[in-house]
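# The following block contains a protein sequence and its predicted model.
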Amino acid sequence: MFLTFNPDVDNLIADTDVYTVIDNTYLDSMTISQTILHSGMSTRGHSHSDQDEIYIFLDGHGLMFLTDTEQKNVTQYIVKPGTIIGVTAGYHHRVFNNSRLIDDLRFLAIFPERRLTA
């Protein structure tokens, strides 16, 4: 099945100066969310106590920070097209587009069921 990220058809979560987030909720047991993070911007970061996520980076370059909330260890990853990061439940995670140009950082987040609150 071909999945799209069309805000006219799919669930537009946010469209701000920082990012655009669109959830494709066609599948019953998982959500595939696309984020377009604008140059120099960062997601606010969050964690989920009971769900893992997979991040797949498609376009642009940036950094992803994972924090083990129990041990307070922060791991920084350089992300680019093709980078895949698994986020374990309970880890705080944040993405930063460190492009100094007008390049957007585009990535998918795949998680079970529908969007849960942070």
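On my side now, so go ahead.

# give me every residue that touches Ile110.
Ile110 makes contact with Met30, Thr31, Ile32, Ser33, Glu53, Ile54, Tyr55, Ile56, according to CB atoms under 8 Å, 6 or more residues apart in numbering. In this view, the C-beta of every residue, glycine as well, is placed from N, C-alpha and C.

# Mind giving me the packing neighbours of the helix or strand harbouring the second one?
In this assignment (DSSP states H and E), Thr31 forms part of strand 30-37. Using 3 or more CB pairs under 8 Å, 6 or more residues apart in numbering; DSSP states H and E, the elements in contact with strand 30-37 are strand 19-24, strand 105-112.

# Make a markdown table from these and add mean pLDDT to it.
Formatted as a markdown table, those follow (pLDDT from 0 to 100):
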| stretch | mean pLDDT |
| --- | --- |
| strand 19-24 | 91 |
| strand 105-112 | 94 |
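
# Go through those strands and name the closest to Tyr91.
With CB to CB, the closest approach to Tyr91 among the helices and strands packed on strand 30-37 belongs to strand 105-112: 13.0 Å.

# Paired strands for that closest one, with orientation please.
With DSSP bridges as the test, strand 105-112 is paired with strand 30-37 (antiparallel), strand 53-59 (antiparallel).

# could I have that strand exported to PDB, CA atoms only?
Extracted C-alpha coordinates of strand 105-112, given in PDB (Å, rounded to 0.1, in the frame of the first residue of the first chain):
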ATOM      1  CA  LEU A 105      15.100  18.300   7.900                       C
ATOM      2  CA  ARG A 106      12.500  15.700   7.000                       C
ATOM      3  CA  PHE A 107      11.900  12.500   9.000                       C
ATOM      4  CA  LEU A 108       9.400   9.900   9.800                       C
ATOM      5  CA  ALA A 109       8.400   8.800  13.300                       C
ATOM      6  CA  ILE A 110       6.700   5.400  13.500                       C
ATOM      7  CA  PHE A 111       4.900   4.400  16.700                       C
ATOM      8  CA  PRO A 112       2.200   2.000  17.800                       C
END
